[in-house]
Structure formats: structure tokens, C-alpha cells
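*Asks:* Build me a model from this:
(one chain, ligands or ions: 1)
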Amino acid sequence: MLPRGPDTPPNSPPPGPSEDGVALSEAEIAVHWREEERYPPPPAFVAQANLTDPTVTERFSEPHFPECFGAFGELLTWDRRWRQVLDASNPPFYRWFVGGLLNASANCLDRHLAKFGSKPAFLFVPEPESEPTTALTYEELHARVNETASVLRTDVGLRAGDRVTIHLPMTPELPVTMLACARLGVVHSVVFGGFSGEAAGRRAADSGSRVLVTMDGYYRNGRLLDHRSLADATVESARREGQTIDTVLVWQRHPDRYLSASPPVPGRDRLFADLLRGRRGTRVPPVPMPAEAPLFLMYTSGTTGRPKGCQHATGGYLAYVAATARWILDLRPSDVYWCLADIGWITGHSYLVYGPLALAATSVLYEGVPTFPDAGRPWRIAERLGVNIFHTSPTAIRQLRRLGPEAPAQHRLRFKAMTTVGEPIEPEAWRWYYTSVGRGAAVVTDTWWQTETGGFLCSTKPALDPMKPGSTGPALPGIYPVIMDENGREIPAGANRAGNLCIRNPWPGLMSTIWGDPERFKRIYFEKYNRRPESKDWRDWPYFAGDGAVQSADGYYRILGRVDDVINVAGHRLGAKEIESACLTVPEIAEAAVVPVADELRGRVPELYVTLRPGIVARPEIERKVVRAVETEIGKIARPRAVRFVSDMPKTRSGKIMRRVLAAISNTLEVGDVSTLANPEVVEQIRAQVRGASPGPARPPPDDLREFGTTE
Ligand code: WT7
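*Replies:* Model (predicted):
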């Protein structure tokens with residue numbers, strides 16, 4: 001059978017109706033890449049790098065595990081030092097830096113004040129070019145965080161352990177609110193600003209937030225967006241799920257204006273501007289928190305539609321992002337660093353907020369889209385602000401290259417290090433990034449990791465390992481990956497066969513659990529390859545990442561994409577079930593199936609297949625309703641490339657929709673054997689409909705993936 005999703009371990013019956021009709025995975029539609037050339041790290045980079053000791057891999061090898069990670073803990077300032085680096089007595093629930101007490105906001109702010117107080121923590125670049133860039137120094141950020149924490153504590157009554165949902169755009173108020181929560185030990189749950197109110201509400205309900213933080217409006221792609229108006233839908237959708245949000249705190253994009261068309265709701269909404277009045281200079285002592293106390297939740301999509309609240313622990317997480325930012329991003333206080341990711345995703349949490357601030361770095365915080373008003377914008381900003389470390393996604397690289405291939409050449413760019421993250425990068429796009437943006441003088445790291453993993457797991461060590469376009473690289477020190485086939489047999493390096501990428505050991509950045517559902521955590525990530533459920537030895541609990549990968553003879557991993565019912569759009573995971581549920585809110589729709597389709601710019605995009613209720617005839621208006629439903633329930637990021645009305649879905653004899661067949665049709669791949677379907681005849685009908693009457697020859701599945709998807 002196909003590699004199954006993490007929510008569908010082989011031994012337990014899958015919950016949802018279409019779980020058995022496993023989708024053709026992203027990994028299977030990956031293009032075949034040949035072995036690429038290697039590039040040595042630029043000598044000028046090596047000469048100044050943070051990590052140049054080649055014995056690091058040895059020092060972090062298995063005989064030294066877990067004590068080796070004590071060095072990560074040393075990067076932080078503790079109110080009480082830990083007694084034990086790792087308590088692994090109850091796998092897969094791990095406790096790092098046991099006995100330690102610390103506060104994340106104190107580690108990101110207070111401890112830097114003496115030395116770096118007047119240095120910018122953030123350089124905020126508004127999207128409108130007419131608005132000036134503002135610098136927020138460590139002292140200023142510290143002051144704003146304290147004042148905000150005072151509001152949260154005194155006016156809103158928040159205490160350590162409470163959860164707060166933060167639905168904000170990319171403005172300084174977002175990290176300010178996060179750090180204010182962290183100061184009090186309040187658990188923040190940031191929802192990506194581009195998500196709809198409904199999506200935010202479902203996540204707020206799951207986390208049990210009674211407080212929502214939002215903003216009146218912000219600028220994106222040349223438009224002023226009314227953001228506060230989403231809050232009503234958030235409160236309403238949380239209420240439908242049994243969660244009351246009694247307080248909505250509203251930041252204003254411009255302190256002297258209120259940009260939203262929705263007026264504040266009396267008794268529920270409160271403007272920060274009012275609450276902060278008279279609070280200037282207020283200080284709130286940071287609350288020392290146990291290392292394993294949750295710092296935040298970050299929701300990510302899974303196969304069952306219900307997003308999972310990945311719970312990250314204060315000590316292990318912060319230590320891991322600080323150490324990896326130092327080693328892989330090569331970050332230091334003297335750098336000017338720019339991560340283009342949105343703080344609403346894990347990349348922004350780890351490598352725009354917590355990692356860089358823990359290291360006292362200076363970061364650019366950009367409000368808008370990189371291609372506004374043109375594809376030269378990032379290079380203008382980088383030149384003007386002297387950015388020397390740049391971090392973005394393949395989707396952004398592809399867009400910038402397509403719209404402005406020559407634009408970087410018109411600027412004095414002096415990057416020493418550049419990172420890509422979120423999806424596989426095509427060697428073509430990689431070479432443009434390396435040559436045109438980096439001028440061959442910057443090191444490029446392709447970092448592979450996930451919301452669940454807290455920080456980077458695979459990447460080249462920038463001063464030590466050669467770069468190879470399209471491959472992420474070897475594992476980070478202290479991370480022991482393995483690629484397994486469906487039967488739990490290890491696929492060795494150089495075998496030229498793909499399999500499921502797993503990590504054999506725990507590490508400090510690994511999430512502690514799924515908020516409120518430890519059993520689901522265990523089932524999704526650890527059951528697949530666990531042979532001894534009673535075992536208390538971490539070696540029996542490999543972490544199943546849900547990605548297909550191949551490892552070449554040199555030990556580098558090439559990530560092929562998701563093997564589950566999750567679609568990676570522009571570097572972000574969308575759950576198939578969540579999209580399908582959105583379609584089913586349209587009354588005319590009887591069934592819906594979503595599949596990933598390879599897309600030149602965004603990596604993968606969703607495509608929808610729908611059947612209509614009896615008596616309903618397909619018409620453009622229904623298509624518009626479906627698209628609108630997806631945008632309303634999830635957000636524009638999930639908008640389907642096409643909505644295809646079909647008379648029937650390909651189904652198994654037990655009635656499950658075979659998404660895999662639909663995905664093959666959408667990607668012009670061979671559908672394979674369909675004779676076991678209950679209705680094999682619909683396959684040809686659908687194919688004819690999608691491709692027109694005389695389909696061209698199907699593209700054979702990529703060589704390296706043959707084995708991967710044919711054993712169903
Ligand atoms: C999924 C995680 C953590 C970064 C932001 C996305 C894919 C991530 C790479 C990479 C190929 C990558 C994987 C992974 N992915 N980085 N360098 N090369 N694929 O976080 O939303 O949790 O998604 O993104 O499929 O499982 P996320």
C-alpha cells in the first residue's frame with residue numbers, strides 16, 4: 001500500500017470516510033531530480049562562521065546523547081538551573097532540562113539590555129513605501145512588552161497557563177504581544193493573519209482561549225485590509241464550538257486612527273491605545289516558568305481536518321532555536337537579519353522572534369508581500385538596511401525570479417548567508433538564488449523541519465558541508481534520521497529508493513504533545529514504527545515526520561513532499577479534510593475531494609473534485625460558492641486552482657473516495673490499477689472530462705518514486 005498518513009497508522013481503523021482512499025501523495029508527484037553538483041562554502045563565509053569545528057558531529061553522536069544537548073541549555077539564562085538534561089522515562093513524552101526555571105521574554109529582552117539596549121531588535125518596514133522604517137531597540141521593545149504584559153495581567157486578568165489567541169498581521173505588535181504573554185507564562189496561540197475568522201475561531205476554541213488579540217487593519221499587496229472585521233466571525237465560530245471569547249483586544253495600525261469598518265463591540269472589545277494610557281514605564285517582573293511549561297501552541301493541519309495544537313515547551317524549544325539560529329543561520333548580534341516568513345507560521349516564531357531575540361540579533365520585520373510594488377522591493381530593503389542574512393521560501397524565490405530575474409543585480413547586496421525553507425527547491429531556482437542573489441559569495445542552507453519539530457532538523461552546516469541544490473543536506477548535530485519502508489525496514493543511503501523520513505531520537509525542540517490530546521500525539525507521530533508499545537526506551541519510538549525522502553550515497557537527504565493527506569501550498573501545510581469540509585458547507589455539494597497538483601510557482605496547489613446533490617445541475621455560480629466557502633472557512637491560501645464537477649467519485653468497494661486516482665488524473669500521471677474499485681468506469685469518464693476527449697500520453701511516474709506508490 002501507499003505510505004499512509006500519520007493519522008492513519010496501519011493497525012487502527014482510520015476515522016474519516018475517505019481515509020482509506022489514500023491520496024496520491026506529494027512525494028509521488030515529485031519530479032525526478034538527477035544528482036546535482038556540489039558547491040564548497042565560500043571562504044569568506046567560513047573565515048567568520050559561528051560553527052567551524054568539524055568534531056561537532058562526533059560530539060553530538062549517539063554515545064554522547066542526550067548530555068550533548070546540555071550545551072544548548074547553556075545558551076540561555078536560567079532562574080534555576082536544570083538537574084537533568086533529558087527525562088526520557090515515559091516515551092514519547094519527553095522532558096528537557098528537568099528542574100530548570102526560566103522566562104522566555106527575560107531571555108529575549110532583559111538579559112540583553114546592559115549590552116545591547118540601544119541596538120535595534122526589529123527594523124519595521126511597512127508595506128507602503130511612503131511610510132518610514134522604524135527601529136525598535138531592545139530597550140524600547142522591553143518597555144512595550146512590559147506595558148502590554150501589565151494590561152494583560154491587570155485589565156484582562158490573565159495568569160500563567162491561560163491561553164490567548166493572537167490573530168495579527170506582520171507588525172511589531174505581534175512579537176510584542178507574544179513576548180508579553182511569555183513574560184506572564186501565558187500560552188500564546190498565534191493564528192496566521194491571512195487565515196479567516198472562522199479558522200481562527202476553531203483554533204481559539206480548541207485552545208480554550210477566552211481572549212483574542214487582533215488589529216484594526218493592515219497593508220498587504222497595496223491594499224488596506226480590514227482585519228478587525230474578522231474578529232466577529234472568530235468569536236462566533238469559537239462559540240459554535242462551545243468556547244466563549246469574552247475579550248477582544250484591538251491594536252491600531254496607526255495609533256491615531258481606527259481603520260476598521262466594524263466598530264468596537266461594547267463590553268467585549270477594548271482598544272490597546274486606551275488600556276495603555278497611563279502605563280508608560282510600567283514594569284512587570286518575568287514569571288519564572290518550569291522548562292517544560294508550554295510557551296506556545298501552533299496549530300498545523302493534519303489528515304483528519306481538525307488542526308493539531310502543537311505544544312512547545314519553554315526551555316527545550318528556546319534552547320533549540322537559539323542554538324540552531326546560531327549554527328545554521330550564523331546569526332550574531334552584529335548581523336542584520338531578514339526572515340521573510342510570517343510570524344503566524346512556525347518559521348516566524350522560531351527564526352524571526354525567539355531564536356534571533358535570544359541571540360540579541362537585529363531583524364527586519366516586513367509587513368507586506370515581497371513582490372509589492374515590484375520584485376525589486378526585497379533588494380531595495382536589503383541594500384538600504386544592510387541586510388547580511390536572508391531567509392525565505394522557494395515559493396518567494398520562484399516568484400522573485402520570475403518577476404525580476406535581473407533585479408538583484410541592480411543593488412549592492414552583501415549577503416553572507418541565505419536560507420530556504422518550507423518546500424523542496426528546484427535546482428534551477430536554487431542556482432538563481434545562489435548566483436544572482438548571493439553573487440556566489442553567500443552560503444545557502446536548505447533547512448528541512450516542521451511545525452512539530454520546533455527548529456531545523458536537516459541542513460548543511462554552512463561552513464563545514466558543501467551545498468547541493470535541491471537537497472537539504474545531512475542531519476543537524478544530535479539528530480539521527482532514518483528512512484524506512486512501509487514495513488519498517490531501513491532504506492540505506494545510496495539505495496536510490498524513497499521512503500518515510502523518521503528521526504530515531506528525541507531532541508529539545510520536539511513538541512511536547514498535542515494540546516489536550518496526548519493519545520493523538522502518540523498515535524500520529526510514533527505508532528507507525530513502534531514495535532513495542534510498552535517500551536520505555538526512546539530507541540523504540542522513532543518520530544514519523546510524514547515526508548517522503550531519499551538519501552544519496554553522500555548522506556544528503558532530498559525531501560520529496562508529504563506522504564499524507566496534507567497539501568503543502570507555498571511552504572505551508574493545508575489539511576485535505578479541512579478543505580473538503582469547507583466545500584461541504586455549500587448546500588449543493590454532495591461530496592468533495594481535494595488533491596495536490598504540481599504548480600510552477602507555489603509548489604503544490606489544491607484542486608477540487610465535487611459531486612452535486614440529486615437534481616442540481618453544475619453552473620459557474622456553484623463553483624464561485626465553493627471557492628468562497630474555502631476562502632471563508634480557511635483563507636485565500638487554500639483557494640483551489642480548479643473546481644471539477646464530476647458525476648461520481650472513484651470509490652473503493654467500502655465506499656471510500658480514492659483521492660489517489662483523482663490526483664493522478666490532475667497531475668497527468670498514470671492512474672495505475674483501478675480494477676478493484678467499485679466503479680472503475682468513472683475513472684475514464686473523469687479523465688476524459690479533465691483532459692478533453694483525446695488525452696495525450698500519460699507521463700510515467702518519476703523513476704525514483706516507482707516503488708514508493710505501487711504497493712497498495
Ligand atoms: C513540511 C512542514 C518548518 C518550515 C515551515 C513549514 C515541508 C519544510 C522543507 C525543505 C523540502 C520542506 C515538509 C515538511 N518542508 N522544509 N527544506 N525541503 N520540504 O512548516 O507547515 O509544519 O510544514 O514542509 O513537507 O513536512 P510546516
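*Asks:* near the ligand at all, stretch 372-392?
*Replies:* No. Contact of stretch 372-392 with the ligand (C-beta under 6 Å from any ligand atom) is absent, the minimum separation being 10.6 Å. To be clear about C-beta, it is placed using only N, CA and C from the backbone, and glycine gets the same treatment.
*Asks:* residues of that stretch that come out buried?
*Replies:* 372, 375-379, 381-383, 385, 387-392 (16 or more other C-beta atoms under 10 Å).
*Asks:* Which single one of the residues you listed is nearest to Ala273?
*Replies:* Closest approach between these and Ala273, by C-beta to C-beta: Phe372, at 27.4 Å.
*Asks:* Excluding chain neighbours, what is closest to the closest one?
*Replies:* Asn221 (5.3 Å; C-beta to C-beta, 6 or more residues apart in numbering).
*Asks:* Near that neighbour, how many other residues are there?
*Replies:* 11 (other C-beta atoms under 10 Å).
*Asks:* Could I get the phi/psi values of it?
*Replies:* phi 50, psi 40 (degrees, to the nearest 10).
*Asks:* I'd like the mean pLDDT over stretch 411-418, please.
*Replies:* Confidence for stretch 411-418, expressed as mean pLDDT, is 97.
*Asks:* following the strand or helix carrying Gly355, which helix or strand comes up?
*Replies:* Under the criterion of DSSP states H and E, Gly355 resides in helix 355-358. Next in sequence after helix 355-358, counting helices and strands by DSSP H and E, comes strand 362-366.
*Asks:* Other residues contacting that next one?
*Replies:* 119-125, 127, 170-172, 175, 333, 335-340, 352, 356-357, 381, 385, 387 (C-beta atoms under 8 Å, 6 or more residues apart in numbering).
*Asks:* Quick check on those: which are buried?
*Replies:* By 16+ other C-beta under 10 Å, those give 119-125, 127, 170-172, 175, 335-340, 352, 356-357, 381, 385, 387 as buried.
*Asks:* Not counting sequence-adjacent ones, nearest residue to the residue of the stretch 51-200 of the chain found nearest the ligand?
*Replies:* Nearest residue of the stretch 51-200 of the chain to the ligand: Phe192, at 10.0 Å (C-beta to the nearest ligand atom). Using C-beta to C-beta, 6+ apart and skipping the chain neighbours, the partner closest in space to Phe192 is Gly344 (3.2 Å).
*Asks:* now swap in Ala582 and tell me
*Replies:* Spatial nearest neighbour of Ala582, excluding adjacent residues (C-beta to C-beta, 6+ apart): Glu633 at 3.6 Å.
*Asks:* so what's the closest residue to Cys502 other than its chain neighbours up against?
*Replies:* The shortest distance from Cys502 to any non-neighbouring residue, by C-beta to C-beta, 6+ apart, is to Pro542 (4.3 Å). Contacts for Pro542 were tallied using C-beta under 8 Å, 6+ apart; they are Val482, Met484, Cys502, Ile503, Arg504, Phe526, Tyr529, Asn530.
*Asks:* So the second one is in contact with Ala495, correct?
*Replies:* No. Counting by C-beta atoms under 8 Å, Ala495 is not a contact partner of Met484; they are 11.9 Å apart.
*Asks:* rewinding a little: now the two most distant members of the buried residues of stretch 372-392.
*Replies:* Largest separation among those by C-beta to C-beta: Phe372 and Asn388, giving 23.3 Å.
*Asks:* rewinding a little: so which of the buried ones among the contacts of strand 362-366 belong to strands?
*Replies:* Pro120, Ala121, Phe122, Leu123, Phe124, Val125, Val336, Tyr337, Trp338, Cys339 (DSSP state E).
*Asks:* mind putting those residues in a markdown table, pLDDT included?
*Replies:* Putting these into a markdown table (pLDDT from 0 to 100) gives the following:
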| residue | pLDDT |
| --- | --- |
| Pro120 | 98 |
| Ala121 | 98 |
| Phe122 | 98 |
| Leu123 | 98 |
| Phe124 | 98 |
| Val125 | 98 |
| Val336 | 98 |
| Tyr337 | 98 |
| Trp338 | 98 |
| Cys339 | 98 |
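*Asks:* Which one of those is nearest to Glu426?
*Replies:* Using C-beta to C-beta, these come closest to Glu426 at Cys339, 21.5 Å.
*Asks:* Spell out which residues of the protein are next to the ligand.
*Replies:* 300, 345-347, 421-424, 446-451, 472, 545-547, 559, 561-562, 568, 571-573.
*Asks:* Which of those fall within strands?
*Replies:* If you go by DSSP E, those have 300, 421, 446-447, 545-547, 559, 561-562, 568, 572-573 in strands.
*Asks:* among these, who's most crowded?
*Replies:* Going by other C-beta under 10 Å, Gly546 tops those with 29 neighbours.
*Asks:* Assign a three-state SS to the residue sitting furthest away from the middle of the chain, would you?
*Replies:* Distance from the C-alpha centroid of the chain peaks at Gly615, with 41.7 Å (C-alpha atoms, centre = their mean). Under DSSP: H, G, I helix; E, B strand; the rest coil, Gly615 falls in the coil class.
*Asks:* any idea of the pLDDT on it?
*Replies:* Gly615 is assigned a pLDDT of 95 by the prediction.
*Asks:* same deal with Ala698?
*Replies:* pLDDT at Ala698 comes out at 45.
*Asks:* ok, now Trp33?
*Replies:* Note on Trp33: pLDDT of 67.
*Asks:* what's the answer for Leu705, then?
*Replies:* Looking at Leu705, its pLDDT reads 32.
*Asks:* ok, the closest residue to Arg283 other than its chain neighbours - how many residues close by?
*Replies:* Computed as C-beta to C-beta, 6+ apart, the closest residue to Arg283 that is not its neighbour in sequence is Asn146, at 5.1 Å. Per other C-beta under 10 Å, the neighbour tally for Asn146 reads 23.
*Asks:* Pro132 now?
*Replies:* Pro132: 8 neighbours (other C-beta under 10 Å).
*Asks:* so Asp226 makes contact with Arg253?
*Replies:* No. Taking C-beta under 8 Å as the definition, Asp226 is not a contact partner of Arg253, at 10.6 Å.
*Asks:* With neighbour numbers in mind, choose between the two.
*Replies:* Arg253 (22 against 14).
*Asks:* From Asn221, how far out is the more buried one?
*Replies:* Per C-beta to C-beta, to the nearest Å, Arg253 is found 15 Å from Asn221.
*Asks:* do the same with Val98
*Replies:* Distance from Val98 to Asn221, by C-beta to C-beta: 47 Å.
*Asks:* again, but for Pro650
*Replies:* Pro650 is 38 Å from Asn221, by C-beta to C-beta.
*Asks:* what does Ala553 give?
*Replies:* Applying C-beta to C-beta, the value for Ala553 to Asn221 is 45 Å.
*Asks:* With His167 instead?
*Replies:* 19 Å.
*Asks:* One more: Tyr138?
*Replies:* 31 Å.
*Asks:* Equivalent analysis for Gly438, please.
*Replies:* The value you get for Gly438 to Asn221, if C-beta to C-beta is used, is 27 Å.
*Asks:* can you pull out the helices in the stretch 51-200 of the chain?
*Replies:* In the stretch 51-200 of the chain, the helices defined using DSSP state H, counting those that start in this stretch lie at 56-59, 70-73, 104-108, 113-116, 138-150, 173-184, 197-207.
*Asks:* Tabulate the ones you listed (CSV), appending distance to Asp162.
*Replies:* Converted to CSV, these look like this (distance: least, C-beta to C-beta, whole Å):
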stretch, distance to Asp162
helix 56-59, 40
helix 70-73, 27
helix 104-108, 16
helix 113-116, 27
helix 138-150, 13
helix 173-184, 8
helix 197-207, 10
